[in-house]
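A.B. asks: A predicted structure for the sequence below; I have some questions about it.
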Amino acid sequence: MKNVFLNLPRKQKQLIAASVDFFCIPVIFFTSLAIHFDSLNADLLTRFGWLPLAAALLAIPIFVRLGLYRAVIRYIDQIIIRAVVLSVTTSTVLLGALAVLAFPGQLTVAPLLIYWLMSIVYVLASRFTARGFFHQRKRHNITRVAIYGAGEAGSHLAN
């Protein structure tokens with residue numbers, strides 16, 4: 001299964017990552033509402049029904065714009081933390097503004113802070129988990145080399 005995924009074109013991999021985020025972000029937002037209101041019932045869905053979907057609709061374009069789907073999972077490192085925090089913070093602020101306009105007086109800052117923290121943890125954990133899963137560490141007596149230059153000999157050496 002790992003090889004099937006690795007052999008997909010880059011655009012399909014990005015689409016899969018965005019689709020997973022599109023599913024998980026509303027779940028995270030609904031969970032943050034449930035934690036804040038200390039209740040897991042249908043009343044939350046009737047009160048704030050479209051807001052979890054709006055969370056994903058706001059977050060995904062921001063994630064795209066700030067490059068979270070351009071990063072090659074196998075090569076991400078701690079630098080992505082800044083991009084994730086910036087992306088999630090931006091989407092949370094926009095979601096908060098939308099919530100204040102759509103549900104005046106019904107939603108405090110607390111569920112948005114819970115959502116913000118849970119989203120940062122989710123996005124980072126999902127990227128680093130995928131990195132760990134797909135990162136191939138085959139060290140069977142292989143000597144690592146750095147190839148400097150872009151000539152034909154360098155291409156042959158890389159192959």
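C.D. replies: Noted; the coordinates are in hand.
A.B. asks: every contact and neighbour count from this point should use C-alpha atoms.
C.D. replies: Fine.
A.B. asks: quick one: the residue lying closest to F63 once chain neighbours are set aside from D38, how far?
C.D. replies: For F63, ignoring the flanking residues on the chain, the nearest one in space by Cα to Cα, 6 or more residues apart in numbering is S87 at 5.8 Å. From S87 over to D38 the distance is 27 Å, taken as Cα to Cα, to the nearest Å.
A.B. asks: hmm, back to that, now for the residue nearest to F63, how many residues are close by?
C.D. replies: Counted with other Cα atoms under 10 Å, the burial measure for S87 works out to 24 neighbours.
A.B. asks: wouldn't it be in contact with Y69 here?
C.D. replies: No: taking Cα atoms under 8 Å as the definition, S87 is not a contact partner of Y69, at 11.6 Å.
A.B. asks: which residues are common contacts for those two?
C.D. replies: Between them, S87 and Y69 share these contacting residues under Cα atoms under 8 Å, 6 or more residues apart in numbering: F63.
A.B. asks: Q78 in helix, strand or coil?
C.D. replies: For Q78, the secondary-structure state derived from DSSP: H, G, I helix; E, B strand; the rest coil is coil.
A.B. asks: per-residue confidence at it?
C.D. replies: Model confidence at Q78, given as pLDDT, is 73.
A.B. asks: centroid-nearest residue for this protein?
C.D. replies: The centre of the chain sits closest to V123, judged by Cα atoms, centre = their mean, with a distance of 3.7 Å.
A.B. asks: contacts only, for A34.
C.D. replies: Taking Cα under 8 Å, 6+ apart, one finds 40-41, 44 in contact with A34.
A.B. asks: what pLDDT does the model give it?
C.D. replies: Value listed for A34 in the pLDDT field: 88.
A.B. asks: and it, backbone torsions?
C.D. replies: According to degrees, to the nearest 10, the main-chain angles of A34 amount to phi -60, psi -40.
A.B. asks: same deal with W50?
C.D. replies: Backbone torsions for W50, taken as degrees, to the nearest 10, come to phi -90, psi -10.
A.B. asks: ditto for I79
C.D. replies: With angles defined as degrees, to the nearest 10, I79 shows backbone torsions of phi -60, psi -30.
A.B. asks: could you pull out the helices for this protein?
C.D. replies: Listed in chain order, the helices found in the chain under DSSP state H are 2-6, 10-37, 42-47, 51-65, 80-102, 109-134, 152-158.
A.B. asks: TSV for those helices, including distance to T143?
C.D. replies: Listed next are these as TSV, based on distance: least, Cα to Cα, whole Å:
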stretch	distance to T143
helix 2-6	24
helix 10-37	28
helix 42-47	57
helix 51-65	37
helix 80-102	28
helix 109-134	21
helix 152-158	13
